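Asker: model this:
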Amino acid sequence: MSLRRVFGVVGLVQVFVGLAMVATGAVALVYGEGDAPGFFLAAALTVAVGGALFLFGRFQGDLSPRESFAIVTFSWLAAGITGALPFLFTGAIPRFIPAVFEALSGFTTTGATVVPRVEALPHGILFWRAVTQWLGGMGILVLAVAILPFLGVGGMQLFKAEVPGPAPERLRPRIAQTAKLLWLVYLGLTVLQILLLMAGGLDLFDATTHTFTTLATGGFSTKTASIAHYASPFVQYVFILFMYLAGVNFALHFRAATGRLDYFRDQEWRFYTLLLVGATLLVAGVNLAHGPYSMEPRGVEVAFRESLFQVVSIGTTTGYVTADYEGWRPAAQMMLFILFFTGGMAGSTGGSLKSVRVLLLLKQTGMEIRKHLHPRAVLLARVGKRVVREEVLANVIAFTILYALLFVAGALALTFLGADLLTALGASAAAVGNVGPGFGEVGPVDHYGWISDPGLAVLSFLMVAGRLEIYTVLLLFHPETWKGRG
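Answerer: Next up, the predicted model:
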């Protein structure tokens, strides 16, 4: 492995982050709240260091798989550090570890915050929080692959290492073309949601920041009460629609934009949609039968809307809130907790296991049951018309076990650091799945600011590992990664 090549690309990614800080500094200048100098200073340092690393590590040729995994992990860790600079330089978050946690929560689209009262932040910082999530949603390195032709071949390795899901899908033969098309779809949905939210009464700033964090399935809001701040049913249904769309494979959106409506033919899409619909009906039924909604004049519509919102928000790992679900009946809460581990489709901006893995696990379970009835039968797992190879099934099972172990290890570490059991389980699940709000003292109306620096460091690692699908990060701890050139 060539660390020079690795740091060259990592430096280039930080130049992108620095340029995003410049754009955010311009927004801060417009609002004149005194935070613009902090952004420009942070941008200057980030671009200078990133540019120096890029010039030091400039190269031609392909990247090896090992170099690609290292680039992706180091790029995200470096983005967390440089992304924390605006928080530090403006005084919005004056301590280093909480500032890095906030930045990583943005770039990984987790949406967990250490800020108790979000409205107290200046507009520049609020916009920066949204920008980190929007960039992290589709992927900083996917943007680099789309823009930079010299990463064209090696870019496939970066693309595979960063894009969530078992097998990233090519839309065009050249991976740079695929990355461009994904970003075009992302931009198109961004413009559409901004227009709809403005039609619902939000100003341009709130519509833009919330759109950035919706399509990234991030969940950062400019309001402490999150989307509960907006009482308009129209606005909340717009959020529900775009959270759902963000949880769909963006390749399906691209095909729809070119006239091919493949949604209904895609088995993962059907599973993802039916899971959200079924969970909504169960949660709404419990809430309407046993919750406060039964005492309200508009109980049915409110119960349905708030249940649908929270199911889609948690199920796509967005993490927005319109209701304090910790006040719901245990059955409704349990349904939401299960959704912490499902996530959106592969190729979406959602986190967690992904619907396709859950679907394959269910198929594998069904096959094992049938094998006990028909020991000599040759059974094949299929997703749609495609036969799933045994090595893919083995990978899914191994990944799920590793995911569960990481979740348990994270919860265990948090209990050692003083968190109660419910909070530790909720925080670990929310961090690994990039969900944001959890249970206990990190619930939908709480924040992470009370957690100690070691606890925030643990959660930061879980967020990055979850966003990069675990293997990419853990491979750096394997001795063979650092041997040889392959």
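Asker: Can you give me every residue that contacts A419?
Answerer: A427, G440, E441, I451, G455 (CB atoms under 8 Å, 6 or more residues apart in numbering). C-beta: built from backbone N, CA, C; applies to glycine.
Asker: Could I get the full set of strands for the stretch 51-200 of the chain?
Answerer: Here the stretch 51-200 of the chain has no strands by DSSP state E, counting those that start in this stretch.
Asker: low-confidence ranges in it?
Answerer: Under the criterion pLDDT under 70, the flagged ranges of the stretch 51-200 of the chain are 59-62, 140-176.
Asker: What are the boundaries of the helices in it?
Answerer: Counting by DSSP state H, counting those that start in this stretch, the segments of the stretch 51-200 of the chain that form helices are 65-90, 96-107, 123-138, 140-147, 155-162, 175-199.
Asker: Quick check: what element follows the last one along the chain?
Answerer: Going down the chain from helix 175-199, the next helix or strand is helix 204-215, by DSSP states H and E.
Asker: L422 belongs to a helix?
Answerer: Yes: L422 forms part of a helix when assessed by DSSP: H, G, I helix; E, B strand; the rest coil.
Asker: Spatially, which residue comes closest to it, not counting chain neighbours?
Answerer: G440 (3.9 Å; CB to CB, 6 or more residues apart in numbering).
Asker: Report the contact partners of the one you found.
Answerer: Neighbour list for G440: A419, D420, L422, T423, A424, L425, G426, A427 [criterion: CB under 8 Å, 6+ apart].
Asker: is it true that the fifth one touches L414?
Answerer: Yes: shown here, A424 and L414 form a contact pair, counting by CB atoms under 8 Å, at 3.9 Å.
Asker: that older thread, which one of the contacts of A419 has the most neighbours?
Answerer: Counting neighbours by other CB atoms under 10 Å, the top entry in these is A427, with 28 neighbours.
Asker: Thought L459 was touching that residue, still the case?
Answerer: Yes: counting by CB under 8 Å, A427 does reach L459; the two are 6.3 Å apart.
Asker: Next, show the common contact partners of those two.
Answerer: Common neighbours of A427 and L459 (CB under 8 Å, 6+ apart) are A112, G410, L414, Y448, I451.
Asker: With distance to G51 as added columns, please give these in CSV.
Answerer: Output for the shared contacts of A427 and L459, formatted as CSV (distance: CB to CB, whole Å):
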residue, distance to G51
A112, 31
G410, 36
L414, 38
Y448, 33
I451, 35
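Asker: nearest to V302, of those?
Answerer: A112 (27.1 Å; CB to CB).
Asker: so where's the stretch 351-486 of the chain uncertain?
Answerer: 484-486.
Asker: now the helices for it?
Answerer: Under DSSP H, counting those that start in this stretch, the stretch 351-486 of the chain gives helices at 355-373, 390-416, 421-432, 453-467, 471-474.
Asker: Turn those into JSON lines, columns for distance to R66.
Answerer: Listed next are those as JSON lines, based on distance: least, CB to CB, whole Å:
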{"stretch": "helix 355-373", "distance to R66": "25"}
{"stretch": "helix 390-416", "distance to R66": "19"}
{"stretch": "helix 421-432", "distance to R66": "24"}
{"stretch": "helix 453-467", "distance to R66": "18"}
{"stretch": "helix 471-474", "distance to R66": "11"}
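Asker: deepest of the ones you listed, which one?
Answerer: helix 421-432 (a mean of 25; mean count of other CB atoms under 10 Å).
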